[in-house]
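Trainee: Need a 3D model of the following:
(one chain, ligands or ions: 1)
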Amino acid sequence: MDNFPQKISAAVLVSGGGTNLQALIDGQAAGKLPSVQLALVISNRTGAYALERARQADIPALTITRRANGGTQEGFEAALLNALKNHHIQLIVLAGFLSILSEDFIRRYKNRILNIHPSLIPAFCGKGFYGLKVHEAALERGVKVTGATVHLVNEIPDGGRILLQKAVEVLPNDTPETLQRRVMEQAEWTLLPQATQLVAQQLLEEQHD
Ligand code: GAR
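Mentor: Numbers count the residues shown, from 1 in each chain. This is a model prediction of the structure:
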């Protein structure tokens, strides 16, 4: 027996419906995240349904908006950092979090921030590509295959090291909404829990070295 912690404390940052957060909650309940403690959920949007999902799963949930923190990125990130510190967070999972974090913030959690993006990076990614916009762009371009990517976050939007990807077929009559749903069901909801467990396990191994 050793005294090393067996779980990494993770915060999930959200902005909307939180189906990816739900996938993490369900993954945890199913024993698929043995190295992860879902310790905190933070929404940058008031009233996001993801907050309700957190409450139902008994995970502490906070709303931290830019508006309530001086209306600046600095104020917003200072409040975020404070909450993360108070909850002893070691790993950050961006699950539909639609705000871009500064280089300074990212540096503080180097290799400890994951993001899920609803395309096969490097297609349809970077600034301005988020949520339904990604699927609209994929349909407009006429790709036959799209998918999802989980990557580490660095200073380039959607530019960090790719951890996992999964391809999903585009069907002839797809709308952005039907494509979004298929990408979530067939890729995002399995990839994000897998990648989160993978990174947490690596962090635990590093701690034990
Ligand atoms: C997901 O499709 C996620 O991949 C995407 O927003 C959606 C959030 O849904 N993220 C991005 O586009 C980030 N660039 P959810 O709130 O139901 O998890």
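Trainee: The closest residue to Y49 other than its chain neighbours - how many residues pack around it?
Mentor: Spatial nearest neighbour of Y49, excluding adjacent residues (C-beta to C-beta, 6 or more residues apart in numbering): G17 at 5.0 Å. For the C-beta atoms, the positions are set from N, CA and C on the backbone; glycine is no exception. When neighbours are defined as other C-beta atoms under 10 Å, G17 has 16 of them.
Trainee: Return the backbone torsion pair for G17.
Mentor: Here is the backbone geometry of G17 (degrees, to the nearest 10): phi -70, psi -30.
Trainee: just checking, it touches A50?
Mentor: Yes. Assessed by C-beta atoms under 8 Å, G17 is found in contact with A50 at 6.4 Å.
Trainee: what touches both of those two?
Mentor: Common neighbours of G17 and A50, counting by C-beta atoms under 8 Å, 6 or more residues apart in numbering, are G96.
Trainee: Which parts of the chain are strands?
Mentor: 8-14, 36-43, 61-63, 91-94, 113-117, 145-152, 162-169 (DSSP state E).
Trainee: How many residues are close by whichever residue of the chain sits closest to the ligand?
Mentor: Going by C-beta to the nearest ligand atom, the ligand is nearest to G96 of the chain, at 2.6 Å. By other C-beta under 10 Å, 25 other residues sit near G96.
Trainee: now the end-to-end length of stretch 43-50.
Mentor: Taking C-alpha to C-alpha, to the nearest Å, stretch 43-50 runs 8 Å from one end to the other.
Trainee: Can you give the contact residues for that stretch?
Mentor: 13-18, 21, 41, 51, 61-66, 76, 95-99.
Trainee: same thing but 7 Å
Mentor: Stretch 43-50 is contacted from outside by 14-18, 21, 41, 51, 63-66, 97, 99, using C-beta atoms under 7 Å, 6 or more residues apart in numbering.
Trainee: Please list the members of those that lie in helices.
Mentor: Using DSSP state H, 21, 51 are the members of these that sit in helices.
Trainee: No more questions from me, cheers.
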